[in-house]
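Trainee: here's a sequence, model it:
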Amino acid sequence: MAYVLGFFAADGYMTLNKRGAYFWNIQITERELLQMIKVVINSHHKISVRKGNGREKELYRLQIGSKEMFNDLQNLGFIPGKTYSMAVPSVPAKFFRDFVRGYFDGDGNVWVGYTHRNRCTRLLTLSSSFTSCSRAFLDELRCRLRLFGLISGSVYTGKGKFFRLKYSVRSSMKLYDFMYNSPHLIPSRDLFLDRKKSVFERYLKMRP
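Mentor: Prediction:
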């Protein structure tokens, strides 16, 4: 559930309609992952589809109508229109890696490639980052991750109304170990986006 909470922090939202009905929603392009989230939260709700066009992918949405779950999210610090006021919820330490992995799958990025391409010796590098419209969220996330050995990392202001917490090679590998190499992680059961995990592993194969 900590993974789902992290993913919701990145790609979820809450609504309260005019009739007083409470909803929380996750809307993403990854249908398979949303189906797995649905299983984890024991939901029987239908996944709706919004067709894409030539430039945009199809979007899949899971909408849960539950006042109890809505209130639980509020107690964890989430509110409707959370984009600019989000805070890191109080997640127990043993589940924090799952929360981070969920948020990373929603609003994280990892890149591997070569720099100094025009020089005689190219430099293989790896970088990872988290994005949010709330700088306070990223500052707090950075502080929490320092407790688990990620002692570097810097928060930058993006070109739009967002911020980015970025890690270089060494800390990116620590982030990889933190998110995916827990002895409690069972790949066949636990949630993660394989396409992001595989980028870290591509770096491991490419490095000398």
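
Trainee: for stretch 174-184, buried residues please.
Mentor: K174, L175, Y176, F178, M179, Y180 (16 or more other CB atoms under 10 Å). C-betas here are computed from N, CA, C, even on glycine.

Trainee: ok, now stretch 120-135?
Mentor: Quick answer for stretch 120-135 (16+ other CB under 10 Å): T125, L126, S127, S128, S129, F130, T131, S132, C133, S134, R135.

Trainee: go on, stretch 2-21?
Mentor: The neighbour-count check on stretch 2-21 (16+ other CB under 10 Å) flags 2-14 as buried.

Trainee: by residue count, which strand of the chain is the longest?
Mentor: Secondary structure of the chain per DSSP state E: the longest strand is strand 123-132.

Trainee: output the contacting helices and strands for it.
Mentor: helix 93-107, strand 108-115, helix 135-146, strand 163-167, helix 169-180, helix 194-206 (3 or more CB pairs under 8 Å, 6 or more residues apart in numbering; DSSP states H and E).

Trainee: how does it look with 7 Å?
Mentor: Applying 3 or more CB pairs under 7 Å, 6 or more residues apart in numbering; DSSP states H and E, one finds that strand 123-132 makes contact with helix 93-107, strand 108-115, helix 135-146, strand 163-167, helix 169-180.

Trainee: as TSV, the ones you listed with distance to K57 and mean pLDDT would be great.
Mentor: Listed next are the helices and strands packed on strand 123-132 as TSV, based on distance: least, CB to CB, whole Å; pLDDT from 0 to 100:
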stretch	distance to K57	mean pLDDT
helix 93-107	15	95
strand 108-115	17	93
helix 135-146	26	95
strand 163-167	23	96
helix 169-180	25	95
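
Trainee: out of those, the one nearest S152 is which?
Mentor: Taking CB to CB, helix 169-180 is the member of the helices and strands packed on strand 123-132 nearest to S152, at 4.8 Å.
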